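Peer 1: Okay, predicted coordinates and the sequence, questions at the end:
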Amino acid sequence: MLKTAVLLFAMALSIVCGAPQHENINQVVVVKEIIKTLVDIKEALIKTAACENRMVMDVFSNTDGLRASDAFCKAAKTLLHRVRPYAPCKAIRKNIDNLKENLLKLGNEATNCTMDHSKTDLNEFIAQLLKFSRQYYSFKH
C-alpha cells in the first residue's frame, strides 16, 4: 500500500514538475557535446579553405516561435541532406556525423521541422548553430 502511494505521488509530481531531471541532465550532456563538436568544425573550417563556400539551408533565418527541438531538427536535416553527402573536406566528415547524431537526439520532439528556402554558407551556419547551442546550454544549465 505504501509503495503504491509513493508511486502515485512520484507520478503526480513528475506531471506537475514537467520532464524528469535525468532528461535535463542528458540534454545538457548532449548540448555540451554539440558545442564541442561545433568548435572543432569551426577550427577545421578556418584551416581548410575548400570547406568554406558550401551553401546550406539557413535554419535561423526565421526564429519567430522557433522551439529548440525544431531548430535542432532542422539543423540535423540540413547536415543530413546538404553537408554530409557532399562534404567538401574530409577534416569535418566525422564531426559532421557526430553533430548530426547529437542534433537528432535533441530534435526528436520536433513538430515543425520543415525547412525554409533561404540559404547561408557553411561557416555562417556553424556559427549560428554554435551561438544557439550556447544560449540553449546556458538556459538549461
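Peer 2: In hand now; what should we look at?

Peer 1: contacting residues for residue 104?
Peer 2: 72, 73, 76 (C-beta atoms under 8 Å, 6 or more residues apart in numbering). (C-beta placed from N, C-alpha, C; glycine too.)

Peer 1: how about the strands in the protein?
Peer 2: Along the chain, counting by DSSP state E, strands occupy 55-57, 119-121.

Peer 1: Which one, of these, ends up nearest to residue 113?
Peer 2: Nearest to residue 113, of all those, is strand 55-57, at 11.5 Å by C-beta to C-beta.

Peer 1: Check which helices and strands the closest one is in contact with.
Peer 2: Here strand 55-57 touches helix 68-78, strand 119-121, helix 122-140, going by 3 or more C-beta pairs under 8 Å, 6 or more residues apart in numbering; DSSP states H and E.

Peer 1: Please list the outside residues in contact with stretch 43-61.
Peer 2: 66, 71, 74-75, 77-78, 82-83, 86, 88-89, 91-92, 95, 115-126, 128-129, 132.

Peer 1: Generate the ChimeraX command that creates a selection of the buried members of those.
Peer 2: If you want just the buried ones from those in ChimeraX, going by 16 or more other C-beta atoms under 10 Å, the selection is:
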select :71,74,75,77,78,82,83,88,89,91,92,95,120,121,122,123,125,126,128,129,132
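
Peer 1: picking up where we left off before, closest one to residue 38 out of the contacts of residue 104, please.
Peer 2: residue 72 (12.1 Å).

Peer 1: okay, and the helix or strand of this structure with the least pLDDT?
Peer 2: helix 2-17 (a mean of 45; mean pLDDT, DSSP states H and E).

Peer 1: In the chain, spot the helix with the most residues.
Peer 2: helix 21-47 (DSSP state H).

Peer 1: tell me which residues of that one are tucked away?
Peer 2: 27, 30-31, 33-35, 37-38, 40-42, 44-45.

Peer 1: how about low-confidence regions in this structure?
Peer 2: Along the chain, the model assigns pLDDT under 70 to residues 1-25, 49-53, 82-89, 111-112, 140-141.
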